[in-house]
Each structure stands twice: as C-alpha cells, then as structure tokens.
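# turn this into a model:
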Amino acid sequence: MSALFGLLLTAQMQITPNPTRPDDYRTGAAGAPLASLVLDSTLTGGQVPVAILNGRLYPLGSQIGPYRLIAVGAGWVILGAGSKRLRLVIGGSTNPSEEK
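Next comes the predicted model:
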C-alpha cells in the first residue's frame, strides 16, 4: 500500500498546471477553486480510489474546500458537505455557466 501512495505522490508532482487557466484563478481551502470544480480523471484500479479535480490528486476521503470526496467511480465522483451531495462527471463543472 505504501508503494501505491509513493506512486500517487510521484504522479501528483508530475501534473502540470492547466495552461488554459486564467491568470486571476484563485483557490479556496484545500486547493478547491472558489467558483467551480472540474473532474479531470478518476483512478479506480488501486486499493484507494483517486480523483483528479482541477489538476490535483485527491484520494477517497479527502477534504476539497467545503466538501469531502465520498465516492469515486469510473468517470464520476460524489462530494458531500453535511446532507448536501454533489455528483461530478469528467468534463463537467460545478459552475453551470461553465458546462459544455
């Protein structure tokens, strides 16, 4: 299991910033953007599922701004804050004005 975390940490260090991100991009607590979250990818084959949101790795259970990552599936995640649930799919955004 420690080998998995070593690989995840190495992978996290190799992720490059999004070159299309605006210069005035600001993040909130735990690196979560204030305006929106975008699911880039999910990794579900290991012992600990991982989501890549806005270019950052988050293992299952991570705190992302006001949310906790409570489920990771193939191409989707569920975030929770109290009784509120938020489902993200790859390419989707939490900001409706950014939806494709």
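# skipping adjacent residues, who's closest to Gly80 in space?
Spatial nearest neighbour of Gly80, excluding adjacent residues (Cβ to Cβ, 6 or more residues apart in numbering): Ile70 at 4.5 Å. Quick note: C-beta positions are derived from backbone N, CA and C, even for glycine.
# try Val50
Leu43 (4.3 Å).
# please apply the same query to Gly75.
That would be Ile90: by Cβ to Cβ, 6+ apart, it lies 4.8 Å from Gly75.
# for that neighbour, give me its contacts.
Leu39, Asp40, Ser41, Thr42, Gly75, Trp76 (Cβ atoms under 8 Å, 6 or more residues apart in numbering).
# please repeat the previous calculation with a cut-off of 7 Å.
Leu39, Ser41, Gly75 (Cβ atoms under 7 Å, 6 or more residues apart in numbering).
# tell me if I'm right that the first one and Leu53 touch.
The reference is to Leu39. Yes: using Cβ atoms under 7 Å, Leu39 makes contact with Leu53 at a distance of 5.7 Å.
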